[in-house]
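In: following is a predicted model, sequence given first.
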Amino acid sequence: MKIATYNVNGVNGRLPVLLRWLEESAPDVVCLQELKAPQEKFPEQALLDAGYNAIWHGQKSWNGVAILAKGHTITEIGRGLAGDPEDLHSRYIEAMVNGVHIGCLYLPNGNPAPGPKFDYKLSWFRRFTEHAAKLVDSKTPVILTGDYNVMPTEMDVYKPESWVTDALFRPETRAAFAGVMGQGWTDAIRTLYPDEKIYTFWDYFRNAFARNAGLRIDHFLLNKAIAGKLTGGGVDGYVRGWEKTSDHAPVWITVK
DNA sequence: ATGTCCCACCCTGTGGGA
């Protein structure tokens, strides 16, 4: 089974890019982030025409997450994280697909830091960590994937020294990510490529993609029940070079 | 400090978020 994550940065603005990539990459399951579309403006029919069922949690202007699947039923488990009834952002949705528990997340960016947006990022991270704790030892295979807005280590940043005060790379953020990992999750892409620079995001500014000035911020976390079934993975970086493309590239893994 | 792209509204430009 091939499972992908893709921060599309506007599911309607990027629809031609999304459909072209789905056709070429043919993932079985896709987690999308940054739909930037209200619930009623999700392009359900275009995706059905491409062969993909979908569930989604939309929001006007910002955020928004979706799970797509080809040839499999998507059984929703829930949306949103427990622990803060005031949090109305659409940043989490989870479902069972083909016997795998799939969590699709869009962790807050958190800039500028410090400040209320950074506080929100860390509190969202705490709630996510509590949720992950309940899943790591499950006998059901669990994959938590999406835009974590964290570069876990210096290897994941083209120029670490210029990012140390950024919300995506501050010590508190990296510590929060390490806290989740400490529960026993496997970072699938880093496990497959322990020594390589792997990026999943390149800023629109300053010609970042051409310079390969990238960040690795889209991750797959595998629980113990599925970590041993990982067979491959990669970044569809060529998609980042297309016209009208997202600032993220799709990332995927295969599991047996 | 800058850069670029999305979305929504004040709606053919502007502002917020990333």
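Out: Alright, I've got the coordinates. Numbering: from 1, shown residues only, chains lettered A, B, ... in the order given.

In: residue in the stretch 1-150 of chain A nearest to DNA strand B?
Out: Shortest the stretch 1-150 of chain A-to-DNA strand B distance, computed as CB to the nearest atom of the strand: residue-wise this is A:Gly10, at 2.6 Å. For glycine as for every other residue, the C-beta is placed from the backbone atoms N, C-alpha and C.

In: for that residue, give me its contacts.
Out: A:Glu34, A:Leu35, A:Lys36, A:Ala37, A:Ser246 (CB atoms under 8 Å, 6 or more residues apart in numbering).

In: can you tell me which of those are up against DNA strand B?
Out: The subset of the contacts of A:Gly10 within reach of DNA strand B, counting by CB under 7 Å from any atom of the strand, consists of A:Lys36, A:Ala37.

In: export the contacts of A:Gly10 to a markdown table and tack on neighbour count?
Out: Supplementary listing: the contacts of A:Gly10 in a markdown table, determined by neighbours: other CB atoms under 10 Å:
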| residue | neighbour count |
| --- | --- |
| A:Glu34 | 23 |
| A:Leu35 | 28 |
| A:Lys36 | 20 |
| A:Ala37 | 24 |
| A:Ser246 | 25 |
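
In: which bits of the stretch 51-200 of chain A sit near DNA strand B?
Out: Near DNA strand B, when you scan the stretch 51-200 of chain A using CB under 7 Å from any atom of the strand, you find A:Lys60, A:Ser61, A:Trp62, A:Pro108, A:Asn109, A:Asn111, A:Lys117.

In: rewinding a little: tell me the pLDDT at the residue of the stretch 1-150 of chain A closest to DNA strand B?
Out: The predicted structure scores A:Gly10 at 96 on the pLDDT scale.

In: got it, and the one 3 residues further on?
Out: In this model, A:Gly13 is scored at 94, pLDDT.

In: OK, contacts around the closest residue to A:His72 other than its chain neighbours?
Out: With sequence-adjacent residues excluded and distances taken as CB to CB, 6 or more residues apart in numbering, A:His72 is closest to A:Asn98, at 4.6 Å. The neighbourhood of A:Asn98, defined by CB under 8 Å, 6+ apart, consists of A:Met1, A:Asp28, A:Val29, A:Ala69, A:His72.

In: phi, psi of the fourth one?
Out: The phi and psi torsions at A:Ala69 (degrees, to the nearest 10) take the values phi -150, psi 140.

In: now do it against A:Leu47, distance only.
Out: Distance of A:Ala69 to A:Leu47, given as CB to CB, to the nearest Å: 10 Å.

In: likewise the first one?
Out: In this structure, A:Met1 lies at 19 Å from A:Leu47, with CB to CB as the measure.

In: those two: which has the busier surroundings?
Out: Neighbours of A:Met1 and A:Leu47, each counted by other CB atoms under 10 Å, are more numerous for A:Leu47; the result is 23 against 19.

In: got the confidence number for the more buried one?
Out: pLDDT, the model's per-residue confidence, is 97 for A:Leu47.

In: now do the helices in chain A.
Out: With helices called from DSSP state H, chain A shows them at A:15-25, A:44-49, A:116-133, A:171-181, A:188-192, A:224-227.

In: quick one: contacts for the spatially most central residue of chain A?
Out: In chain A, the C-alpha closest to the average C-alpha coordinate belongs to A:Gly146, at a distance of 1.1 Å (CA atoms, centre = their mean). Contacts for A:Gly146 were tallied using CB under 8 Å, 6+ apart; they are A:Thr5, A:Asn7, A:Cys31, A:Gln33, A:Val65, A:Gly103, A:Cys104, A:Leu105, A:Tyr106, A:Leu107, A:Asp218, A:His219.

In: fine by me, thanks again.
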